[in-house]
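Chemist: dropping the sequence and predicted coords here.
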Amino acid sequence: MTLDSQLQTLSIKSDGALDLSKLDDKQRRAYDLFHQANEKEMEGAMSDAVELYRKAYKLDEKVDRWYRYQDLTKQASPHSKNTIEKPPIDLELVKKINVRELLNSFNEDQITPEVEDEPSPLHLLSDDLLIYIMELLCDGDLSSWFHFAMTCKKLSYLGLHNKSIWEKLCNIVYSRQRYNEDAPGNQDQMCQNMWKGDWHLMLSQRPFLKFNGAYISIINYYREGGRPDMSNSWSNPIRCVTYYRFVRFYPDGTCQRLLTFLSPKIVVPRLNKNYHELGLENVYRGTWKMTMDGQVLITGEGSVEGYSFSETLQIKNLGRMKHHKLHWISAYFQNKEDGELKHFSLAKERPFTFSRVKSYAV
């Protein structure tokens with residue numbers, strides 16, 4: 001029996017999507033449980049996800065088929081308001097594009113967005129003034145600068161090809177980092193000596209921490225449980241345990257660390273300097289410094305009173321996303337009185353991945 005024939009018993013809207021209002025209580029409950037399980041799986045909470053999937057399948061063994069059918073029809077329906085026709089992309093051809101040559105070819109283009117019937121009034125502004133506007137956007141919000149630069153070819157050339165913009169970005173980014181004493185302080189001299197005056201290359205290769213979000217590590221491990229009394233089972237049940245580590249860095253050299261079973265959806269909006277008022281507990285404060293090659297040293301308070309805690313992490317790339325991960329190097333705690341040092345095992349730990357946050361308002 002095909003999927004379409006299996007779905008005939010359910011009410012289908014004119015746009016091809018399932019009419020959830022026509023589901024009976026049992027089907028609706030299965031749909032909700034499957035949706036919750038999908039969200040838990042995305043968060044990395046595998047134990048909770050498996051339990052929710054099990055309950056959903058118990059209510060309706062075909063819940064996964066029509067749940068995914070619902071998502072596919074939303075994406076594929078020509079009547080959907082969110083549908084955007086995208087031409088196929090030849091990835092091999094994209095890789096061959098020389099970005100700098102392409103941007104250079106935009107030099108003589110005018111500011112004429114295709115959606116406008118008339119030229120934009122921005123075309124009346126000089127190049128110097130447009131560059132100045134982009135520098136102001138860099139000071140306020142880097143994403144605003146990028147989106148403005150992507151408006152048309154002319155602005156792309158001025159915003160992404162201009163040396164002064166990349167120099168501005170480097171000065172903004174690296175002036176907020178907190179380096180060890182041996183790190184040189186002159187950004188211009190460093191760029192000339194190590195990157196031959198190429199500010200864009202410097203930003204791409206020189207590690208830095210990001211402050212407009214939090215770094216999150218999702219840890220899953222399996223634990224053997226106990227058999228119930230009078231059970232005849234040959235083996236003990238296995239449970240998947242999920243917990244999270246959060247680190248948020250601040251440009252003033254301070255940071256916050258949290259180990260919890262609460263999901264990022266709950267924690268991240270509350271992880272700021274007013275975390276006590278927002279209901280977060282066991283958030284430990286610390287300070288951080290880094291080396292030129294991207295090793296980050298965090299020191300501060302922890303779960304045991306009378307001990308100082310230290311963690312060393314390495315900034316890494318995540319595919320094309322530059323400086324987006326933190327890999328563990330070491331972690332230890334030290335008795336403040338006698339100096340006794342003990343190292344933590346990192347066998348179960350996983351790298352941190354940066355998650356950008358637009359607003360910390362709950």
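Modeler: Nice, I can see it.

Chemist: who's in contact with the closest residue to Trp166 other than its chain neighbours?
Modeler: Leaving aside its sequence neighbours, Trp166 sits nearest to Trp199 (CB to CB, 6 or more residues apart in numbering; 3.7 Å). C-beta: built from backbone N, CA, C; applies to glycine. Contact partners of Trp199, counting by CB atoms under 8 Å, 6 or more residues apart in numbering, are 163, 166-167, 169-170, 191.

Chemist: separation between Trp199 and Met46?
Modeler: Distance of Trp199 to Met46, computed by CB to CB, to the nearest Å: 43 Å.

Chemist: and His343, how many neighbours does it have?
Modeler: 10 (other CB atoms under 10 Å).

Chemist: where does it land on pLDDT?
Modeler: Listed pLDDT for His343 reads 91.

Chemist: OK, contacts around the closest residue to it other than its chain neighbours?
Modeler: Of all residues not flanking His343 in the chain, Tyr332 sits nearest, at 4.5 Å (CB to CB, 6+ apart). Neighbouring residues of Tyr332 by CB under 8 Å, 6+ apart: 309-310, 341-344.

Chemist: can you show me the strands along this protein?
Modeler: 213-224, 238-249, 254-260, 283-290, 295-300, 307-318, 321-335, 341-343, 352-356 (DSSP state E).

Chemist: any chance of the ones you listed in a markdown table, plus distance to His123?
Modeler: Shown next, in a markdown table, are the strands of the chain (distance: least, CB to CB, whole Å):
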| stretch | distance to His123 |
| --- | --- |
| strand 213-224 | 36 |
| strand 238-249 | 41 |
| strand 254-260 | 45 |
| strand 283-290 | 43 |
| strand 295-300 | 45 |
| strand 307-318 | 38 |
| strand 321-335 | 33 |
| strand 341-343 | 62 |
| strand 352-356 | 32 |
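
Chemist: quick one, which of those is nearest to Asp25?
Modeler: strand 238-249 (29.7 Å; CB to CB).

Chemist: which strands border that closest one, and is each parallel or antiparallel?
Modeler: Using DSSP bridges, strand 238-249 pairs in its sheet with strand 213-224 (antiparallel), strand 254-260 (antiparallel).

Chemist: pLDDT on it, on average?
Modeler: 86.

Chemist: name the residues of that strand that are buried.
Modeler: 242-249 (16 or more other CB atoms under 10 Å).

Chemist: then stretch 32-42?
Modeler: Result for stretch 32-42 [16+ other CB under 10 Å]: buried residues 32-38, 40.

Chemist: can you tell me which of those residues are in helices?
Modeler: Among the buried residues of stretch 32-42, the ones falling in helices (DSSP state H) are 32-38, 40.

Chemist: quick one: which of those residues is nearest Glu92?
Modeler: Nearest to Glu92 among these: Asn38, at 32.8 Å, using CB to CB.

Chemist: so for that closest one, what's the pLDDT?
Modeler: 83.

Chemist: ok, back up a step: taking the buried residues of strand 238-249 together, which two end up most distant?
Modeler: Thr242 and Phe249 (24.0 Å).

Chemist: hang on, the earlier thing: which of the contacts of Trp199 count as buried?
Modeler: The neighbour-count criterion (16+ other CB under 10 Å) marks 166-167, 169-170, 191 among the contacts of Trp199 as buried.

Chemist: can I get these in JSON lines with distance to Lys265 and pLDDT?
Modeler: Putting those into JSON lines (distance: CB to CB, whole Å; pLDDT from 0 to 100) gives the following:
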{"residue": "Trp166", "distance to Lys265": "35", "pLDDT": "92"}
{"residue": "Glu167", "distance to Lys265": "38", "pLDDT": "92"}
{"residue": "Leu169", "distance to Lys265": "31", "pLDDT": "92"}
{"residue": "Cys170", "distance to Lys265": "34", "pLDDT": "93"}
{"residue": "Cys191", "distance to Lys265": "40", "pLDDT": "88"}
